[in-house]
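Enquirer: Got a predicted model here, sequence first, then my questions.
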Amino acid sequence: MQIRRALPGEHRRLAEIHVLARYDMAYLPRVHSFSSTETWMREVVMPSNDVWVAEIDRAVVAYAWLHAGYLQGLYVHPSYQRQGIGGRLLSVVRESTAGGFHLWVFEANNGAIRFYERHGARLVRKTDGRGNEEKLPDRLMSIG
């Protein structure tokens, strides 16, 4: 496995990973189409953020992106989950941030909460979800 910076032309693959990983989360409402996710990835995420990808056999299988001290997303293609890829990506993000970072995670995402706690995240606060577009309870966590 190789971890590297994302290339501008990889927005479609990152959108695929994003959508497939979220579809596996049965509690999440589907608030965006693939097309809008791809546009968002190309026009918002890729140009102005730190984005890393995990690549196996020349195929991008996961990504993480950081913006303004927040881990905005860490997604692993469902076929590659639970193989240590997310932990490796998280390590790269940690190495790139001297003062640590924050992240939001849905309360219903028990697997992600356990994952982040194993990697040193601590709870900052919980919300009722009014502040996110999915309108689901979430928690702010901090690493570092």
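Expert: Everything's here; your move.
Enquirer: So what's the gap between the longest strand along the chain and the chain middle?
Expert: Secondary structure of the chain per DSSP state E: the longest strand is strand 59-67. How far strand 59-67 lies from its chain's middle: 7 Å, per CA atoms, centre = their mean, to the nearest Å.
Enquirer: What residues sit buried inside the very next helix or strand once past it?
Expert: Counting by DSSP states H and E, the element after strand 59-67 in chain order, helix or strand, is strand 70-76. Under the neighbour-count criterion of 16 or more other CB atoms under 10 Å, strand 70-76 has 71-76 buried. All C-beta spots, glycine's among them, are computed from the backbone N, C-alpha and C.
Enquirer: mind listing what S96 touches?
Expert: 50, 66 (CB atoms under 8 Å, 6 or more residues apart in numbering).
Enquirer: With L89 instead?
Expert: Counted by CB under 8 Å, 6+ apart, L89 has contacts 3, 52, 54, 62-64, 74, 76.
Enquirer: before we move on, back to that, what two of the buried residues of strand 70-76 are the furthest from one another?
Expert: The span of the buried residues of strand 70-76, defined through CB to CB, is set by Q72 and V76 at 15.1 Å.
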